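In: From the sequence below, what's the structure:
(chains A and B)
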Amino acid sequence: RKEVEQDPGPFNVPEGATVAFNCTYSNSASQSFFWYRQDCRKEPKLLMSVYSSGNEDGRFTAQLNRASQYISLLIRDSKLSDSATYLCVVRINTGGFKTIFGAGTRLFVKA
Amino acid sequence: DVKVTQSSRYLVKRTGEKVFLECVQDMDHENMFWYRQDPGLGLRLIYFSYDVKMKEKGDIPEGYSVSREKKERFSLILESASTNQTSMYLCASSPSGAKNIQYFGAGTRLSVL
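Out: Got it, this is the predicted structure:
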């Protein structure tokens, strides 16, 4: 079983739609959580950190459920420019810190 | 803005060649990383470094080595390139600390023929 699992998609949604991605992690020593965004043929870039109480940044909302070991990303009012791959990232404390990247979920927003 | 620069965007090498991938960061970050990214597998950590002259194996170090002689530079070396090392290689750096957000270079797409 992968340490971080995501639905690979692709998710095809119309502009204006609301779309949600989930990510599950297996290691209970996971301490920090992030969503990164990767555009086609570009490098990953931090989208947002995920806090225990949940957090929002404009149209993006991230949630963490430690009991069930998953994090989610909700995108409201999707724009064409949201088309990208979204990577779930988990940082684990195993004595030293280790960062695990999910394989990503592809999103296509269509006009 | 943090800048992580990889020396080449595209490389084509032959099987058996020695390959050097260079990465430089300008933010005085302690940590540097080398990943490869393949479809369906995501980013897999090859090697990382927490300090000058220090290196640690990641999840898939076989066939690779690294060098960190200066804080800003982290090199990935393929001693004898093989076709299964054809991939996108991404370098990243991060400051020390629990959050450890990583900043990536633009990547090097390596083809080994």
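In: Backbone torsions only: list them for the spatially most distant residue from the centre of chain A.
Out: Within chain A, residue A:95 marks the point farthest from the mean C-alpha position, 25.0 Å out by C-alpha atoms, centre = their mean. Dihedral angles of residue A:95 (phi, psi; degrees, to the nearest 10) stand at phi 100, psi -50.
In: next one: the one 4 residues further on
Out: Comment: the main-chain dihedrals of residue A:99 come out as phi -110, psi 130, following degrees, to the nearest 10.
In: Any idea what it is bridged to?
Out: residue A:91 (DSSP bridges).
In: Over to residue B:84. Which of the three states is it?
Out: At residue B:84 the chain is in helix, as set by DSSP: H, G, I helix; E, B strand; the rest coil.
In: what's near enough to touch residue 77?
Out: Defaulting to chain A. Listed by C-beta atoms under 8 Å, 6 or more residues apart in numbering or on different chains, the contact set of residue A:77 reads A:16, A:18, A:59. All C-beta spots, glycine's among them, are computed from the backbone N, C-alpha and C.
In: that's the wrong chain, I meant chain B
Out: Residue B:77 neighbours (C-beta under 8 Å, 6+ apart): B:18-21, B:64-67.
In: Please identify which helix or strand holds the residue nearest the centre of chain B.
Out: Nearest to the mean C-alpha position of chain B, by C-alpha atoms, centre = their mean, lies residue B:34 at 2.7 Å. Here residue B:34 sits within strand B:31-38, counting by DSSP states H and E.
In: Burial check on residue B:54, number of neighbours?
Out: Counted with other C-beta atoms under 10 Å in any protein chain shown, the neighbours of residue B:54 add up to 10.
In: Hmm, residue B:69 and it touching each other?
Out: No: checked against C-beta atoms under 8 Å, the pair residue B:54 and residue B:69 is beyond contact range at 11.1 Å.
In: Sheet partners, orientation included, of the strand holding residue B:34?
Out: Sheet pairing for strand B:31-38, using DSSP bridges, gives strand B:42-49 (antiparallel), strand B:87-94 (antiparallel).
In: Pull the residues that contact it.
Out: Identification of contacts with strand B:31-38 by C-beta under 8 Å, 6+ apart yields A:101, B:21, B:23, B:25, B:43-50, B:58, B:60, B:64, B:66, B:68, B:74, B:76, B:85, B:87-96, B:100, B:102, B:107.
In: now do 7 Å
Out: The contact list for strand B:31-38 (C-beta atoms under 7 Å, 6 or more residues apart in numbering or on different chains) reads B:23, B:25, B:43-50, B:66, B:68, B:74, B:76, B:87-94, B:96, B:100, B:102.
In: buried sites along that strand?
Out: Buried residues in strand B:31-38, counting neighbours by 16 or more other C-beta atoms under 10 Å in any protein chain shown, are found at B:31-37.
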